[in-house]
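Participant: predicted model and sequence below, questions to follow.
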Amino acid sequence: MMNLPWRGAGALLLALALGACGRSAPPPPPPPEVGVLTAQAADVPVVRNYPGRLAATLAAQVRARVTGVVLQRVYKEGTDVEAGDVLFKIDPAPLEASLRQAQGQLAQAEATARNASVKASRSKTLGAKGLLAKQDVDDTVAAAAEADAAVKAARANVQNAKINLGYATVTAPISGRAGRANVTQGALVSSTDTNPLTTVQVIDPIYANFSEPMAEVERLRRAEKAGELKLVAADKAEVQIVLPDGSVYPHAGTLDFTDLAVDPQTGAVDLRALVPNPDHALLPGMFVKIRLTLGTLHNAFLLPQSAIQRDNDGAYVYVIGSGDKVVEKRVELGDQRGANWVVLSGIEAGARVVVSGIQKANAGEKVKPIPYNAPASATSAESPTATAKDETGTGNE
């Protein structure tokens with residue numbers, strides 16, 4: 001009777017053990033879902049961004065060409081002027097006096113010349129009759145010629161005085177926008193002054209100056225020789241201006257000049273673009289970003305930024321291989337296009353690229369690929385050449 005409780009406990013343990021053996025192990029968790037795009041090769045424009053600075057296509061410094069006191073600034077600073085428009089007026093009184101003096105000297109020279117001409121004529125007549133020595137005749141003829149030369153010199157002085165008097169009215173040498181005046185009314189100016197009175201600039205069209213590293217030029221040339229890239233003609237290369245606030249200037253320009261030498265200090269080639277500026281929104285001296293379209297890259301891919309991963313060895317993407325397992329692919333990146341990256345090599349057309357859910361994917365593990373739906377902000381930018389078609393089909397490893 002004393003052993004009955006122990007027998008009951010043993011039976012209870014046996015029943016529990018048999019119940020535990022009857023239950024199966026829990027099922028494994030389903031593979032994580034990842035959003036994928038099917039990569040499709042396409043021709044992608046080759047676009048490069050460079051820092052640049054704007055400059056006027058024509059710039060003329062307006063300087064005083066005579067010494068005098070500024071009486072008036074005629075033009076309005078910062079406005080457009082036409083060639084020949086009056087900009088400044090310099091006191092003409094001293095110049096008028098110089099002109100009158102030159103005119104008087106001319107009249108005196110002309111009177112002397114007339115007298116010398118009469119003497120020379122009379123001497124020739126007397127000499128022909130033998131009444132005057134030949135030397136005296138020659139002297140009077142030479143004096144007449146000297147008097148005629150003095151008349152020509154006096155006339156040149158009068159002309160020069162008239163020109164100087166004209167310089168008292170300072171006009172615009174070219175049509176363009178006149179800048180700030182560097183002198184005020186009452187200032188004494190002269191032709192030896194270091195600073196100009198003002199500057200007139202032509203800013204429609206306007207120049208955009210920038211430089212391109214020679215290493216980049218050589219890389220593009222090699223790509224063109226390999227058939228991977230088609231460069232456009234220099235005069236047809238499109239240039240866009242990105243303003244400091246990030247907006248794109250509405251008028252595109254063209255490449256206007258490429259230097260023939262490399263700057264030894266920077267290792268870059270100087271370039272220049274010609275950009276229309278009808279509204280004068282672009283001003284000389286502005287720092288802008290130059291967006292240059294150099295050509296077309298063949299067999300490239302545009303992938304969203306979220307698909308690109310990086311480590312110490314560079315950039316890579318995850319693609320879906322056979323059996324829906326994740327495979328790591330090293331890629332070579334080009335430039336950035338809005339929300340996308342240009343992928344130059346490393347993947348093939350038809351590869352299923354993981355774009356979303358990457359944090360749940362690991363190389364070699366199985367996942368469940370589903371179509372990737374780009375957010376509205378990404379679709380509003382430049383769309384990738386990878387599409388959501390057949391994302392769950394067979395991909396390339």
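Facilitator: That came through, no problem. Residues are numbered from 1 along each chain as shown.

Participant: residue 328: what secondary structure?
Facilitator: strand (DSSP: H, G, I helix; E, B strand; the rest coil).

Participant: repeat for residue 144
Facilitator: When classified by three-state DSSP, residue 144 comes out as helix.

Participant: do I have it right that it meets residue 114?
Facilitator: No: using CB atoms under 8 Å as the test, residue 144 is too far from residue 114 to be in contact (9.5 Å). Every C-beta, even on glycine, is put in place using the N, C-alpha and C of the backbone.

Participant: who has more neighbours, the two?
Facilitator: Taking other CB atoms under 10 Å, residue 144 and residue 114 do not tie; residue 144 has more neighbours (20 against 13).

Participant: any idea how far residue 118 is from that one?
Facilitator: For residue 144, the distance to residue 118 equals 9 Å [CB to CB, to the nearest Å].

Participant: ok, now residue 170?
Facilitator: Distance, residue 170 to residue 118, using CB to CB: 46 Å.

Participant: neighbour count winner among the two?
Facilitator: The neighbour comparison of residue 170 against residue 118 (other CB under 10 Å) goes to residue 170, with 24 against 12.

Participant: which residues touch the more buried one?
Facilitator: By CB atoms under 8 Å, 6 or more residues apart in numbering, the residues touching residue 170 are 62, 64, 86, 87, 88, 89, 90, 197.

Participant: what about the first one, neighbour count?
Facilitator: Residue 62 has 23 neighbours, counted by other CB under 10 Å.

Participant: burial check on residue 111, number of neighbours?
Facilitator: In terms of burial, residue 111 registers 12 neighbours under the definition other CB under 10 Å.

Participant: three-state assignment of it?
Facilitator: helix.

Participant: quickly run through the sheet partners of the longest strand along the chain, with directions.
Facilitator: Longest strand in the chain, counting residues (DSSP state E): strand 42-62. Applying DSSP bridges to the sheet, strand 42-62 is found paired with strand 198-213 (antiparallel), strand 287-304 (antiparallel).

Participant: and those strands as CSV, adding distance to residue 80, mean pLDDT and mean neighbour count?
Facilitator: Below are the strands paired with strand 42-62 laid out as CSV (distance: least, CB to CB, whole Å; pLDDT from 0 to 100; neighbours: other CB atoms under 10 Å):
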stretch, distance to residue 80, mean pLDDT, mean neighbour count
strand 198-213, 9, 94, 20
strand 287-304, 22, 88, 19
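
Participant: now those in a markdown table, with distance to residue 280?
Facilitator: Shown next, in a markdown table, are the strands paired with strand 42-62 (distance: least, CB to CB, whole Å):
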| stretch | distance to residue 280 |
| --- | --- |
| strand 198-213 | 6 |
| strand 287-304 | 15 |
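
Participant: out of the ones you listed, nearest to residue 368?
Facilitator: Of all these, strand 287-304 sits nearest to residue 368, with 19.7 Å by CB to CB.

Participant: ranges for the helices of the stretch 51-200 of the chain?
Facilitator: Under the criterion DSSP state H, counting those that start in this stretch, helices of the stretch 51-200 of the chain are mapped to 93-128, 134-166.

Participant: list the buried residues in the last one.
Facilitator: Right, the one you point to is helix 134-166. Residues of helix 134-166 classed as buried by neighbour count (16 or more other CB atoms under 10 Å): 137, 140-141, 143-144, 147-148, 150-151, 154-155, 157-158, 161, 164-165.

Participant: where's it relative to the chain centroid, distance-wise?
Facilitator: Helix 134-166 has its C-alpha centroid displaced from the chain centroid by 58 Å (CA atoms, centre = their mean, to the nearest Å).

Participant: show me what that helix is packed up against.
Facilitator: helix 93-128 (3 or more CB pairs under 8 Å, 6 or more residues apart in numbering; DSSP states H and E).

Participant: just to check, residue 45 is in contact with residue 300?
Facilitator: No: assessed by CB under 8 Å, residue 45 is found out of contact with residue 300, at 9.7 Å.

Participant: can you show me the helices along the stretch 201-350 of the chain?
Facilitator: 214-225.

Participant: for it, what are the low-confidence residue spans?
Facilitator: 228-229, 234-235 (pLDDT under 70).

Participant: tally of neighbours for residue 248?
Facilitator: Neighbour count of residue 248, defined by other CB under 10 Å: 12.

Participant: would you format the helices of the stretch 51-200 of the chain as TSV with distance to residue 208 and mean pLDDT included?
Facilitator: Compiled in TSV, these are given as follows (distance: least, CB to CB, whole Å; pLDDT from 0 to 100):
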stretch	distance to residue 208	mean pLDDT
helix 93-128	43	94
helix 134-166	38	95
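
Participant: CSV for those, including distance to residue 313?
Facilitator: Formatted as CSV, these follow (distance: least, CB to CB, whole Å):
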stretch, distance to residue 313
helix 93-128, 78
helix 134-166, 74
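
Participant: wait, which of those is closest to residue 324?
Facilitator: helix 134-166 (88.4 Å).

Participant: specify the angle between that closest one and helix 93-128 in degrees.
Facilitator: For helix 134-166 against helix 93-128, the angle by axes from the mean of the first three to the mean of the last three CA atoms, to 10 degrees is 160 degrees.

Participant: and residue 316, how close does it get to residue 326?
Facilitator: Distance, residue 316 to residue 326, using CB to CB: 11 Å.
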